[in-house]
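# Pasting the sequence and the predicted coordinates here, then a few questions.
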Amino acid sequence: MASSSDRTGYNVLVRDPAGQVVGTIDTWTKLTLVLKWAGLSTWALEVDAGSSQAGRLVPGGGLYVYGPTSSTTPLLTGLMRGLVRADRGTTGDPGRTFAPTGYGDEWELLTRLCRPTPLAAVTAQGDTHNVSGPAETVLKQLVALNAGQGAVAERRVPRLDVAPDLGRGRAVAVRERYANLLDECVRIGQAVGLGFSVVDNPDTRRLTFDVTPPRDLTAAVHLSRAAGTLRSSSYSAAGATGTDALVGGQGQGAARTMATASSPDPVWQRRVEVYLDRRDTNVLQELVDAGTDALAVALADSSLKLAPMDTPQVAFGRDYRLGDRVSVDVDEGITVSDVVRSVTIVVDGTADAGVTVTPDVGPPGGTDALPSTSAIRKLATRVNQLERRP
């Protein structure tokens with residue numbers, strides 16, 4: 001009987017907490033991957049609990065997932081963070097299932113805060129950690145000093161390195177004071193159009209944080225039903241949630257420094273005003289940049305979910321991948337060109353043709369895209385009252 005890996009082309013390798021490969025799981029019945037270009041990827045696996053391979057994944061361990069187009073570059077590397085053992089209790093067929101779940105290795109960034117003085121003791125923190133420069137430089141400095149090998153010893157994520165800085169992305173300036181590190185990477189990445197990842201190398205057993213700019217493949221990858229590369233699509237659009245930002249800096253009442261930023265919505269043609277509190281700075285350009293960044297994730301929203309068809313000419317994972325800019329014909333005379341920001345892959349390990357790949361193409365999401373948003377949302381009402389204080 002063929003294994004799930006032989007049947008589908010998707011291979012799952014298991015690692016222990018130290019990053020050592022301890023074997024494979026090829027008896028899984030279902031594999032689900034939600035891959036993010038600038039965010040936190042997730043995975044889920046279902047295995048017959050009676051399989052001898054079920055016990056290979058242990059708390060603190062993780063996996064490497066390879067797709068059919070590459071045996072050297074993983075689709076995802078990540079750690080296990082949850083486990084369900086289910087027993088349906090059916091007579092003659094107990095149906096026991098071992099179902100581990102987890103996140104991509106970007107989860108390590110979610111475990112750290114951006115401290116005001118990253119290299120000082122917690123009792124000696126200053127006001128803010130001010131970082132400016134190309135977006136890639138800022139991102140890598142934040143990760144290196146708060147989670148990488150440049151952090152103080154007790155805050156270093158085991159095995160985490162930061163790739164060499166190539167200075168990509170437009171200039172940004174940030175003032176950090178206990179924001180979540182992954183949230184900041186998402187926020188900056190969305191504002192400037194850069195993706196990022198943390199990938200585990202099974203040969204070196206090292207995790208590497210790196211930044212990934214989009215590749216423009218709009219001319220080379222054009223998905224359409226006419227070309228036989230698109231089975232179906234679902235396109236939605238909505239107006240901007242913010243077009244004109246008023247940013248409050250330091251000072252009180254009439255003496256408070258104010259700045260504005262604008263990003264008109266040419267399609268929906270409505271002005272939507274938003275207020276942003278930045279009492280941590282009085283530098284006019286920093287206030288303007290803060291407004292610009294906020295509007296970058298409040299612009300007119302569109303989402304394009306695809307059911308592509310791989311052909312000898314165009315195939316996901318081979319000819320285009322997460323983070324690439326592609327073109328899609330969604331209707332007669334309507335072509336959308338944007339970045340593949342997430343991909344959901346569902347694989348039925350019991351079927352020969354049981355693979356569904358659903359890319360999501362469009363602009364970045366709003367604050368709901370931030371991994372720690374749900375925990376913070378409960379404070380929103382009280383914080384908003386404080387921010388509007390004169």
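Received, thanks.
# list the buried ones in stretch 39-51?
Counting neighbours by 16 or more other C-beta atoms under 10 Å, one finds that the buried residues in stretch 39-51 are 39-47, 49, 51. (C-beta placed from N, C-alpha, C; glycine too.)
# contact partners of it?
By C-beta atoms under 8 Å, 6 or more residues apart in numbering, the list of residues contacting stretch 39-51 from outside reads 12, 25, 27-35, 53-54, 57, 63, 65, 76, 78, 85, 87, 96-104, 106-107, 110, 182, 186, 342, 369, 371.
# ok, back up a step: which one of the buried residues of stretch 39-51 is nearest P214?
Relative to P214, the closest of the buried residues of stretch 39-51 is G39; by C-beta to C-beta it sits at 14.5 Å.
# Look at that closest one and report its pLDDT.
At G39 the predicted local distance difference test score is 93.
# Contacts for stretch 341-348 next, please.
For stretch 341-348, the surrounding residues in contact (C-beta under 8 Å, 6+ apart) are 4, 8, 10, 29-39, 67, 75, 316, 322-323, 354-362, 364.
# Quick one: the strands in the stretch 51-200 of the chain, in order.
Along the stretch 51-200 of the chain, the segments classed as strands by DSSP state E, counting those that start in this stretch run 62-66, 76-87, 96-104, 113-114, 129-134, 160-162, 171-176, 179-180, 195-201.
# Just send those back as JSON lines, with mean neighbour count too.
Written out in JSON lines, the entries for those read as follows (neighbours: other C-beta atoms under 10 Å):
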{"stretch": "strand 62-66", "mean neighbour count": "22"}
{"stretch": "strand 76-87", "mean neighbour count": "17"}
{"stretch": "strand 96-104", "mean neighbour count": "20"}
{"stretch": "strand 113-114", "mean neighbour count": "20"}
{"stretch": "strand 129-134", "mean neighbour count": "17"}
{"stretch": "strand 160-162", "mean neighbour count": "21"}
{"stretch": "strand 171-176", "mean neighbour count": "19"}
{"stretch": "strand 179-180", "mean neighbour count": "20"}
{"stretch": "strand 195-201", "mean neighbour count": "22"}
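# closest to L295 out of those strands?
L295 lies closest, by C-beta to C-beta, to one member of these: strand 171-176, at 14.3 Å.
# In space, what's closest to A120 - neighbours in sequence excluded?
The shortest distance from A120 to any residue other than its chain neighbours is 7.4 Å, reached at G126 (C-beta to C-beta, 6 or more residues apart in numbering).
# Tell me where the chain is predicted with low confidence.
Low-confidence segments of the chain, defined by pLDDT under 70, are located at 1, 87-95, 299-302, 365-390.
# just checking, what's the longest strand in it?
strand 334-348 (DSSP state E).
# Nearest to V330, out of the strands of the stretch 51-200 of the chain?
Closest to V330 of the strands of the stretch 51-200 of the chain, according to C-beta to C-beta: strand 195-201, at 23.2 Å.
# chain center to the closest one, what's the gap?
On the basis of C-alpha atoms, centre = their mean, to the nearest Å, strand 195-201 sits 10 Å off its chain's mean C-alpha point.
# got the buried residues for the helix or strand just after that strand?
Towards the C-terminus, the helix or strand next in line after strand 195-201, according to DSSP states H and E, is strand 206-212. Neighbour-count burial for strand 206-212, counted by 16+ other C-beta under 10 Å, picks out 207-212.
# ditto for stretch 337-353
Going by neighbour count (16+ other C-beta under 10 Å), the buried part of stretch 337-353 is 338-343, 345, 347-349.
# got the angle for the longest strand of the chain vs strand 76-87?
In this structure, strand 334-348 runs at an angle of 50 degrees to strand 76-87, with axes from the mean of the first three to the mean of the last three C-alpha atoms, to 10 degrees as the basis.
# angle of strand 334-348 against strand 62-66?
Orientation of strand 334-348 against strand 62-66 (the same axes, to 10 degrees) gives an angle of 120 degrees.
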